[in-house]
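Novice: Predicted structure and sequence below. I'll ask about it afterward.
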Amino acid sequence: MKKFLLSLSLFAMTLMAGAQVPTLKARSIYDVNQDDKVTVQDVPALTNKLLGKADDKTAVDTQSLLSVLNNLADQYANLVSQYGKILAELADLKAKVSSCTCSGEGGAGKKHDYVVMGGKKWSTMNLGATTVAGSYATCAGDFYAWGETTPRYTSISWSGSTASFTGISKPYNGNNYPSYTGSTLDAAHDAVASHADWGEGWRTPTNQDFKDLYAACGGTGSYISSTLPSGSKSTTAKGIYWCSNYDGVAGLLFCDGTNKLFFPASGDVYDTSHYDGGSFGLYWSSSLYTSDIDCAYLLNFNASHVNPSSYYGRYNGFAVRPVSD
């Protein structure tokens, strides 16, 4: 403790004198006792030597100085302890934040749960959905032609994994291509960005967003064309999984080792009918397929393939998953 107090004393006095803090051991500079032990009687002489005073007998209130130094030592020890606790709490908080489902603002002040994966904030639910899973009626959401901001039907109802529609204004087929042909959806033609409950930075994912999500979860090559491993709500290991029963519905599960994101196999709409519910998931991107402007990119999956860069005719009715930067 005496060595520590001496060091602290020398440091304090150096600062008071405006001098630089010495970097060598006290013994080599000040030649205290040969056994390198410091006594109370040494403090005045050492202090004066440090300050460059010729008279070693200059008065120093030794007991007061030692009292201050002891108090500083106690405070230092307490600060070290508190610093360690703060670091531990920050590490714990960082782990919790990185693995949590967060909530962010949407249009009209509404909040939407999301997870951060592949460098983006992904909504946990489809556009128009009210749950992550549970039933197709609540988790599938609505179906949109590419570049259109409202569904072509007035109502949708479900029987298991099959949907039916009423009030279809025009069929989802090749006779009814959407008029917009920009290389990527602008806000006026983006079903998410223009939605009253979303907006505020939310949008339809780009083709690159889907590719980044795919890569973040271990996807290699352009696509997967083999039977996917089976997953469930308890799956957390990094990978891309087919879930035959994820809380009552089938779909695709992306896991990056920290977070996970479920896409229901909500099927698609062609003409006036719903197809492939429970077996396929087709999710529009905002990116036009420029090699054929009749098509746009999408995420396409079933139990034995995943393609983040598939493309289909823009007139098809597919699901949409909101994303934000």
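Specialist: Yes, it's here.

Novice: quick one, domains of the protein?
Specialist: Split into domains by automatic domain parsing, the chain comes to 2-97, 104-324.

Novice: Most tightly packed of those?
Specialist: domain 104-324 (a mean of 19; mean count of other CB atoms under 10 Å). All C-beta spots, glycine's among them, are computed from the backbone N, C-alpha and C.

Novice: The closest residue to P171 other than its chain neighbours pairs with what?
Specialist: Of all residues not flanking P171 in the chain, D271 sits nearest, at 4.7 Å (CB to CB, 6 or more residues apart in numbering). Beta-bridge partners for D271, by DSSP bridges, are Y172.

Novice: that older thread, need the domains of the chain in a markdown table with mean pLDDT, can you?
Specialist: Formatted as a markdown table, the domains of the chain follow (pLDDT from 0 to 100):
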| stretch | mean pLDDT |
| --- | --- |
| domain 2-97 | 59 |
| domain 104-324 | 95 |
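
Novice: isn't there a helix covering A237?
Specialist: No: going by DSSP: H, G, I helix; E, B strand; the rest coil, the assignment for A237 is coil, not a helix.

Novice: so how far is L253 from it?
Specialist: Noted for A237: a distance of 11 Å to L253, by CB to CB, to the nearest Å.

Novice: what does S309 give?
Specialist: S309 is 20 Å from L253, where distance means CB to CB.

Novice: again, but for Y214
Specialist: Distance from Y214 to L253, by CB to CB: 13 Å.

Novice: tell me, what's touching those two both at once?
Specialist: Any residue near both Y214 and L253 by CB atoms under 8 Å, 6 or more residues apart in numbering counts here, and that gives I240.

Novice: All the helices of this structure, in order from the start?
Specialist: 2-17, 26-30, 42-50, 62-98, 136-139, 207-216 (DSSP state H).

Novice: Contacts for the last one next, please.
Specialist: Identification of contacts with helix 207-216 by CB under 8 Å, 6+ apart yields 117-120, 122, 205, 240, 254, 256, 261, 283, 285-287, 297, 299, 306, 308-309, 323.

Novice: repeat that for 6 Å
Specialist: By CB atoms under 6 Å, 6 or more residues apart in numbering, the surrounding residues in contact with helix 207-216 are 117-120, 254, 256, 285, 287, 297, 299, 308-309, 323.

Novice: so, if you compare those residues, which one comes nearest to K110?
Specialist: Closest approach to K110 among these (CB to CB): V323, at 16.3 Å.

Novice: In contact with that closest one, which residues are there?
Specialist: Applying CB under 6 Å, 6+ apart, we find V323 in contact with 120, 122, 205, 209.

Novice: now do D190
Specialist: Residues in contact with D190 (CB under 6 Å, 6+ apart) are 203-204.

Novice: who does the residue nearest the centre of the chain bridge with?
Specialist: Nearest to the geometric centre of the chain sits V116, at 2.9 Å (CA atoms, centre = their mean). On the basis of DSSP bridges, V116 is bridged to K121.

Novice: and if you look at S310?
Specialist: Following DSSP bridges, S310 is listed with bridge partners L298.

Novice: circling back: using TSV, lay out the contacts of helix 207-216 together with distance to R152.
Specialist: Converted to TSV, the contacts of helix 207-216 look like this (distance: CB to CB, whole Å):
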residue	distance to R152
M117	31
G118	31
G119	33
K120	28
F254	29
D256	35
S285	20
S287	22
Y297	21
L299	21
P308	26
S309	26
V323	23
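
Novice: Relative to S161, which of those residues is nearest.
Specialist: Nearest to S161, judged by CB to CB, of the contacts of helix 207-216 is L299 at 18.6 Å.

Novice: and the closest residue to that closest one other than its chain neighbours, how far is that from L66?
Specialist: Nearest residue to L299, sequence neighbours excluded (CB to CB, 6+ apart): Y283, at 4.3 Å. Distance, Y283 to L66, by CB to CB: 72 Å.

Novice: again with N173
Specialist: Noted for N173: a distance of 92 Å to L66, by CB to CB.

Novice: again, but for L253
Specialist: The gap separating L253 from L66 is 65 Å, by CB to CB.

Novice: With D209 instead?
Specialist: Per CB to CB, D209 is found 65 Å from L66.
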